[in-house]
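In: Compute the structure for the input listed below.
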Amino acid sequence: LLIYLIFAIFLYYRSMTINQTLIREFILMGFSVGPDMRMFLFGLFSLMYVFTLLGNGVILVLICLDSKLHTPMYFFLSHLAIVDISYACNTVPQMLANLLDPLKPVSYAGCLTQTFLFLTFAHTECLLLVVMSYDRYVAICHPLRYSVIMSWRVCITLALTSWALGYLLALVHLILLLPLPFCGPQKINHFFCEILAVLKLACADTHINEILVLAGAASVLIGPFFSIVISYMRIICAILQIQSGEGRQKAFSTCSSHLCVVGLFYGTAIIMYIGPKHGNNKGQQKYLLLFHSLFNPMLNPLIYSLRNNEVKGALKRVLGKETLS
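Out: Here you go, the predicted structure:
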């Protein structure tokens, strides 16, 4: 990571002499549909946006209020909920505004800020999912040492490291993006300022930028994904050795929710950035990224609440206390 940062800073200062950005605003092309369909999509996406905020907000409130959820597993889940809320707040409002007024421009600074935040949250979520799989591995394969290995100091360190690495990796792409000149056209073929779509508008060689996007995606997707797969292979072997049927069912229930989230997140992200159509931002990839940035954050709280008895129990306890009050 240090070499990665030094290389990016070197390229940035070397390119300062050609940093002449002629375009100061961009136009998001969004979805190529008629006015009636735009209004329908506006209503649909607005509803999903509200569900995303409410669902993840409820998860955060439950974890804060219910003492039984003050465990490492739900500590990391609260950070995942924060990332999902941040995801939605970064991309959806701009997408909704674009549906109402397709010709409304986005400022140069606003566009690069959106790109940077999206990459930060994407990298952070990748790392958080790895940390959550490690937590499940320790809980099931080393239950007697769980409280020692996953102490609160370790949990806080892992969470802060995930956020810090997500920020630094996104900063590398931003440093390489800032020197690029943009002289036209100004239309971004996407519903938000996605980095590959922005690079296509640069009036300079973006080969290094695209290579680093692919390398960054591979570093936070392929490696972590295989580490999660290995962790769950060992988890499954440990679960199958449990004699009690009830114990096996409880162990599977605590892992199945996380596996669903991992499958949705990594599946779409790997197809978008590492698949054979890497760099192609046409309709199919655009809708796939829509699923990744809007549907996933909305589905995550549903998956964890519907498939997790502890979350459902906490919701009943909190609602019961409010009813008594």
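
In: Which helix or strand contains residue 62?
Out: Assigned by DSSP states H and E, residue 62 belongs to helix 35-65.

In: immediately after that helix, which helix or strand?
Out: helix 72-100.

In: what inclination does that following helix have with respect to helix 35-65?
Out: Relative orientation of helix 72-100 versus helix 35-65 (axes from the mean of the first three to the mean of the last three C-alpha atoms, to 10 degrees): 160 degrees.

In: And the helix holding residue 62, what's buried?
Out: Within helix 35-65, the residues that qualify as buried are 38, 41-42, 45, 48-49, 51-53, 55-56, 58-60, 62-63, counting by 16 or more other C-beta atoms under 10 Å. For the C-beta atoms, the positions are set from N, CA and C on the backbone; glycine is no exception.

In: Who are the packing partners of that helix?
Out: helix 72-100, helix 296-306, helix 309-324 (3 or more C-beta pairs under 8 Å, 6 or more residues apart in numbering; DSSP states H and E).

In: is it true that residue 60 touches residue 80?
Out: No. Using C-beta atoms under 8 Å, residue 60 is not in contact with residue 80; the gap is 10.1 Å.

In: ok but residue 26 is inside a strand, no?
Out: Yes. Counting by DSSP: H, G, I helix; E, B strand; the rest coil, residue 26 falls inside a strand.

In: which residues does it contact?
Out: By C-beta atoms under 8 Å, 6 or more residues apart in numbering, the contact list for residue 26 reads 105-106, 108, 111, 186-188, 193, 198, 201.

In: Tell me how many other residues crowd residue 100.
Out: 10 (other C-beta atoms under 10 Å).

In: Could you do residue 103 as well?
Out: 7.

In: Now it: closest residue in space that isn't a chain neighbour?
Out: residue 27 (6.4 Å; C-beta to C-beta, 6 or more residues apart in numbering).

In: Could you double-check that that neighbour sits in contact with residue 108?
Out: No. Assessed by C-beta under 8 Å, residue 27 is found out of contact with residue 108, at 12.0 Å.

In: Poorly predicted segments of the stretch 101-250 of the chain, please.
Out: Where the stretch 101-250 of the chain drops to pLDDT under 70, the residues are 243-248, 250.

In: What are the boundaries of the strands in it?
Out: 106-107, 187-188 (DSSP state E, counting those that start in this stretch).

In: Can you add mean neighbour count and distance to residue 176 and give those strands back as a markdown table?
Out: Output for the strands of the stretch 101-250 of the chain, formatted as a markdown table (neighbours: other C-beta atoms under 10 Å; distance: least, C-beta to C-beta, whole Å):
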| stretch | mean neighbour count | distance to residue 176 |
| --- | --- | --- |
| strand 106-107 | 16 | 20 |
| strand 187-188 | 16 | 18 |
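
In: To residue 174, which of those strands lies closest?
Out: Closest to residue 174 of the strands of the stretch 101-250 of the chain is strand 106-107 (C-beta to C-beta; 15.5 Å).

In: tell me the mean pLDDT for the helix holding residue 62?
Out: Across helix 35-65, the average pLDDT comes to 90.

In: Run the angle between it and helix 296-306 for me.
Out: Using the same axes, to 10 degrees: helix 35-65 against helix 296-306 is 40 degrees.

In: Any of the contacts of residue 26 buried? List them.
Out: Buried members of these, scored by 16+ other C-beta under 10 Å, are 106, 108, 111, 186, 188, 193, 198, 201.

In: From those, pick the one nearest residue 299.
Out: Lowest distance from residue 299 to the buried ones among the contacts of residue 26 (C-beta to C-beta) belongs to residue 193, with 23.9 Å.

In: residue contacts, that closest one?
Out: The contact partners of residue 193, taken as C-beta under 8 Å, 6+ apart, are 26, 28, 106, 111-112, 114-115, 118.

In: Nearest to the spatial middle of this structure, which residue is it?
Out: When C-alpha atoms, centre = their mean is applied to the chain, the residue found nearest the centroid is residue 122 (3.5 Å).

In: which residues does that residue contact?
Out: Applying C-beta under 8 Å, 6+ apart to residue 122 gives the contacts 87, 166, 220, 269.

In: Burial check on the last one, number of neighbours?
Out: By other C-beta under 10 Å, the residues close to residue 269 number 22.

In: Could you measure from it over to residue 47?
Out: From residue 269 across to residue 47, the span is 25 Å (C-beta to C-beta, to the nearest Å).
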